[in-house]
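Colleague: Structural data only, the sequence is not supplied:
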């Protein structure tokens, strides 16, 4: 059971239920169109809409009906101009639904691991959790919407109720919501990106009984999650944001020290340009033009320096998180987001953690042309997870 914040009701509903996915894996929706998932970061506005399929007596894997990735010129809340451009692009793509599930601004989210009285004590746990989360972050208890969910039981933590609290400051999304509504779109819910990404990983993994690590190397920060699976139920059991390590920081180093433009730096990191093939062998670089070979070696050095900062943070986080569940091994670490396809990252994480490592991409979740760039675009993953939000499970979304 993954958890979300719902802007309209300030509640924390289930977002992935057994009937929404199955052994064929992937996100599964009832027949019809989903809301439009809109993920706003400092770099892109990404939007996705899913189309659910009913096949015989069951719900089939959804298709990716629309996917958009629009570069931003500014940071912070979405401007009216950007919202109008998004609405226009959606209309041209044939999207008729005006319902939007929006990503919460990460900078306005607060999280905390909480130790609460036992459920059997009949204590007002929601109030206690709110006060404790406010105390941890020195915030006014009445200043944020809160979701709170219990962690799975552990032999090492008997008696008390252990939970994760997730808070979103009231008003944090108002400017973006207003801009979208000015453009004719209606925000039906605001969801944390960590929940949207976890929904995608859970759908890609299917029924399981294990721990799965999740690593997002995002543009602004890295994030480490631990998902606990018990059959059809999934829970976010740990979350840590590492703002000191980011894809933007790595690209900035390559731009400043090697003179690459932003697109060139990103292509090189993802292995998209033969001249900057970071996975090439030593003999390949020896045979190349000397200037190109020097560039490749320099990029490898900066890339390895980045890994040397990221991997210890991942190790530290997941080793700490898994100590709560000594009887359940962590079987896999999944990479998500923009940095999921950084060449060599999966191998380094697998070696460091002694587990299998992979990447969750749109092609693992929805029906999409496998030859299209969209099928491998990790930047769209959060928008796809937002589109699968609990706000629409029965029939078509509102229009």
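Modeller: Right, received. Where do you want to start? Please read all numbers here as calculations on a predicted model, not as lab measurements. Numbering: from 1, shown residues only.
Colleague: what about stretch 376-384, distance to the chain center?
Modeller: From the chain centre to the centre of stretch 376-384 is a distance of 8 Å (CA atoms, centre = their mean, to the nearest Å).
Colleague: Pull up the distance across it, start to finish.
Modeller: 13 Å (CA to CA, to the nearest Å).
Colleague: Need the contact partners of stretch 117-129.
Modeller: 114, 116, 146, 148, 150, 159, 160, 161, 163, 165 (CB atoms under 8 Å, 6 or more residues apart in numbering). C-betas here are computed from N, CA, C, even on glycine.
Colleague: Based on its surroundings, how many neighbours for residue 179?
Modeller: Counted by other CB atoms under 10 Å, the residues lying close to residue 179 total 21.
Colleague: quick revisit: narrow the contacts of stretch 117-129 to those that are buried.
Modeller: By neighbour count, with 16 or more other CB atoms under 10 Å, those hold 114, 116, 146, 148, 161, 163, 165 as buried.
Colleague: Who are the contact partners of the closest residue to residue 34 other than its chain neighbours?
Modeller: Take residue 34 and drop its neighbours on the chain: the residue closest to it by CB to CB, 6 or more residues apart in numbering is residue 50, 4.1 Å away. Residues near residue 50 by CB under 8 Å, 6+ apart: 27, 29, 33, 34, 62, 63, 64, 65, 366, 384, 387, 388.
Colleague: Narrow these to those in helices?
Modeller: Counting by DSSP state H, the contacts of residue 50 place 384, 387 in helices.
Colleague: top of the contacts of residue 50 by neighbour count?
Modeller: Going by other CB under 10 Å, residue 387 tops the contacts of residue 50 with 35 neighbours.
Colleague: Quick one: residues contacting the nearest residue to it once chain neighbours are set aside.
Modeller: Ranked by CB to CB, 6+ apart and with sequence neighbours excluded, the top spatial neighbour of residue 387 is residue 37, at 3.4 Å. The neighbourhood of residue 37, defined by CB under 8 Å, 6+ apart, consists of 47-49, 100-101, 103, 196, 382-389.
Colleague: Please indicate which of those residues are buried?
Modeller: Neighbour counting with 16+ other CB under 10 Å marks 47-49, 100-101, 103, 196, 382-389 as buried within the contacts of residue 37.
Colleague: where does the stretch 51-200 of the chain have low pLDDT?
Modeller: For the stretch 51-200 of the chain, applying pLDDT under 70 flags the ranges 55-59, 155-158.
Colleague: Just the closest of the contacts of residue 37 to residue 245, please.
Modeller: residue 382 (18.4 Å; CB to CB).
Colleague: give the contact list for that closest one.
Modeller: Taking CB under 8 Å, 6+ apart as the definition, contacts of residue 382 comprise 37, 39, 46, 103, 193, 196, 197, 200, 337.
Colleague: Please name the spatially closest residue to it (chain neighbours excluded).
Modeller: Spatial nearest neighbour of residue 382, chain neighbours left out: residue 39 (4.2 Å); criterion: CB to CB, 6+ apart.
Colleague: So which residues of the stretch 251-399 of the chain form strands?
Modeller: All strands of the stretch 251-399 of the chain, identified by DSSP state E, counting those that start in this stretch, fall at 330-336, 356-359.
Colleague: so which of those strands is the most packed in?
Modeller: strand 330-336 (a mean of 22; mean count of other CB atoms under 10 Å).
Colleague: State whether residue 257 and residue 301 are indeed in contact, as I suppose.
Modeller: No. Using CB atoms under 8 Å, residue 257 makes no contact with residue 301, being 9.7 Å away.
Colleague: Is residue 237 in a helix, a strand, or coil?
Modeller: Recorded secondary structure, residue 237: strand (DSSP: H, G, I helix; E, B strand; the rest coil).
Colleague: which element is the closest residue to it other than its chain neighbours on?
Modeller: The spatially closest residue to residue 237, leaving aside those adjacent along the chain, is residue 228, at 4.2 Å (CB to CB, 6+ apart). Per DSSP states H and E, residue 228 falls inside strand 222-230.
Colleague: List the buried residues for that strand?
Modeller: In strand 222-230, counting by 16+ other CB under 10 Å, buried: 222, 223, 224, 225, 226, 227, 228, 229.
Colleague: hang on, the earlier thing: got the contacts of stretch 117-129 as TSV, with distance to residue 214 columns?
Modeller: Shown next, in TSV, are the contacts of stretch 117-129 (distance: CB to CB, whole Å):
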residue	distance to residue 214
114	21
116	25
146	22
148	20
150	20
159	29
160	26
161	24
163	19
165	19
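Colleague: out of the residues you listed, who's nearest residue 316?
Modeller: Proximity of those to residue 316 (CB to CB) peaks at residue 114, which lies at 20.9 Å.
Colleague: Can you tell me the closest non-neighbouring residue to that closest one?
Modeller: residue 163 (4.8 Å).
Colleague: residues in contact with residue 204?
Modeller: For residue 204, the contacting residues are 25, 26, 334, 360, 364, 365, by CB under 8 Å, 6+ apart.
Colleague: From these, list the buried ones, please.
Modeller: 26, 334, 360, 364, 365.
Colleague: about what we covered before: and the angle from the strand holding residue 228 to strand 330-336?
Modeller: Put simply, strand 222-230 runs at 140 degrees to strand 330-336, going by axes from the mean of the first three to the mean of the last three CA atoms, to 10 degrees.
Colleague: from the middle of its chain, how far away would strand 222-230 be?
Modeller: 11 Å.
Colleague: one step back: tell me who's in contact with the residue nearest to residue 237.
Modeller: 151, 152, 211, 234, 235, 236, 237, 325, 328.
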